[in-house]
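Enquirer: got a predicted structure plus its sequence, pasted below:
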Amino acid sequence: MTAAPAGRGAGGIPPGLHLVAVPIGAARDITLRALDVLAGADVLAAEDTRTLRHLMEIHGIALNGRPLVAYHDHNEAAALPRLMAALREGKSVAYAPEAGTPLVSDPGFGLARAAAAEGIAVVAAPGASAVLAALAVSGLPSDRFLFAGFPPAAAGERARFIAELAPLRATLILYESPRRVGRLLGELAEGLGETRQAALCRELTKRFEEVTRGTLGDLAERFAAAEPKGEIVLVIDRGAEVQADAATLEDLLREAMTRLSVKDAAAEVAAKTGTSKRSIYQLALNLSER
């Protein structure tokens, strides 16, 4: 169990790793606590040092000679030892991603894991998150949700990714590139069902923020040829529970087996209907032999 930070550094921030959430668009969305941490931490680390410098300038925070270390997936081997050395010396280190909350589809996991493994305090200065902002404005159920990140780019891996999501009884949240979102919507409509409700959230908190709601089929048709601009978050409603009578099970299996292996199709239908995996797999084998 990690202890809470004890004592305070020269800037008034307790020793340890401070994970700072920063705005996803509007600069004023930063929290007062985040500003305090950025102003007082002994060492600053950022996914993009230029972005953090600009944010600090907007809010009148001076660097005052403090180290500003770039830390991201491509330089972790070089930057991690430097930051860990500062933490071991009892300094306060603030880490900020380019936008949003650290570690949520952003770098920082390796640093947080290394600090926690050595018993160094890891604390969060929470704030903006594209995931939660999209969930809030989508109009879809928020009592149970899954953030699935970016779908794989390769077609086969993406098909398996969608098949794994299909039986989940939770609102789904995905990130996707504007270049691929039209294709993804079509694949989601096929894999999850055209009638499932969804919301495509674009440029959240920015000037041209837009939320387009509709069924996956409607959205797939709308964005088939149109490439939306800006950052995209896709929120998808949970699927309806399926009544597991024999005819329905066979229909579901036949449809699933057109796009999945017998084993994967059986697993999807079993999860979707709450039916025994063994019995569904045996039914799938029987259908495949007909």
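Expert: Sure thing, it's come through. Numbers count the residues shown, from 1 in each chain.

Enquirer: A21: what's it in contact with?
Expert: Under the criterion of C-beta atoms under 8 Å, 6 or more residues apart in numbering, the contact list for A21 reads T31, A34, A96, G100, T101, P102, A124, A125, P126, G127, A128, S129. Every residue, glycine included, has its C-beta placed from N, CA and C.

Enquirer: for the fourth one, which non-adjacent residue is closest in space?
Expert: Of all residues not flanking G100 in the chain, I24 sits nearest, at 4.8 Å (C-beta to C-beta, 6 or more residues apart in numbering).

Enquirer: could you look up the SS state of that neighbour?
Expert: Secondary structure of I24, reduced to three states by DSSP: H, G, I helix; E, B strand; the rest coil: coil.

Enquirer: ok, A114 touching M84?
Expert: Yes - under the criterion of C-beta atoms under 8 Å, A114 lies in contact with M84, with a separation of 5.8 Å.

Enquirer: who touches both of those two?
Expert: Taking C-beta under 8 Å, 6+ apart as the contact rule, A114 and M84 touch no residue in common.

Enquirer: can you check the pLDDT for the residue nearest to G100?
Expert: The predicted local confidence for I24 comes out at a pLDDT of 97.

Enquirer: isn't it right next to A130, touching?
Expert: Yes - with contact defined as C-beta under 8 Å, I24 and A130 form a contacting pair (5.0 Å).

Enquirer: who touches both of these two?
Expert: With contacts defined as C-beta under 8 Å, 6+ apart, the residues adjacent to both I24 and A130 are A99, G100, L204, E231.

Enquirer: about what we covered before: tell me the contacts of the residue nearest to G100?
Expert: Contact analysis of I24 by C-beta under 8 Å, 6+ apart lists A99, G100, A128, S129, A130, A133, L204, T205, E231.

Enquirer: number of residues surrounding V69?
Expert: Counted with other C-beta atoms under 10 Å, residues neighbouring V69 total 19.

Enquirer: is it in a bridge, and if so with what?
Expert: Bridge pairing for V69 (DSSP bridges) gives the partners A45.

Enquirer: same thing with L146?
Expert: In this structure, L146 has the following beta-bridge partners (DSSP bridges): L172.

Enquirer: that one touches P167, doesn't it?
Expert: No - with contact defined as C-beta under 8 Å, L146 does not count as touching P167 (11.7 Å).

Enquirer: my guess is E118 contacts R88. True?
Expert: Yes - E118 is in contact with R88 according to C-beta under 8 Å; the separation is 7.3 Å.

Enquirer: quick one on the thing from earlier: mark which of the contacts of A21 are part of strands, please.
Expert: When these are checked against strands (DSSP state E), the matches are A96, A124, A125.

Enquirer: from the residues you listed, which is closest to A270?
Expert: Set against A270, the nearest of the ones in strands among the contacts of A21 by C-beta to C-beta is A124 (37.8 Å).

Enquirer: for the closest one, give its distance to Y95.
Expert: 10 Å (C-beta to C-beta, to the nearest Å).

Enquirer: and stretch 66-81, average pLDDT?
Expert: Across stretch 66-81, pLDDT averages out at 96.

Enquirer: now the helices for the chain?
Expert: With DSSP state H as the criterion, the chain has helices at 32-40, 49-58, 76-88, 109-117, 130-138, 155-165, 181-192, 216-222, 246-257, 262-273, 277-289.

Enquirer: what's the separation between G149 and R169?
Expert: Going from G149 to R169 by C-beta to C-beta gives 19 Å.

Enquirer: whoops, I mixed them up, E190
Expert: From E190 across to R169, the span is 20 Å (C-beta to C-beta).

Enquirer: pLDDT score for A284?
Expert: In this prediction, A284 carries a pLDDT score of 88.

Enquirer: residues near the closest residue to L135 other than its chain neighbours, how many?
Expert: In this structure, L135 finds its nearest non-sequential neighbour in S142, 5.3 Å apart by C-beta to C-beta, 6+ apart. Taking other C-beta under 10 Å as the criterion, the count of residues near S142 is 12.
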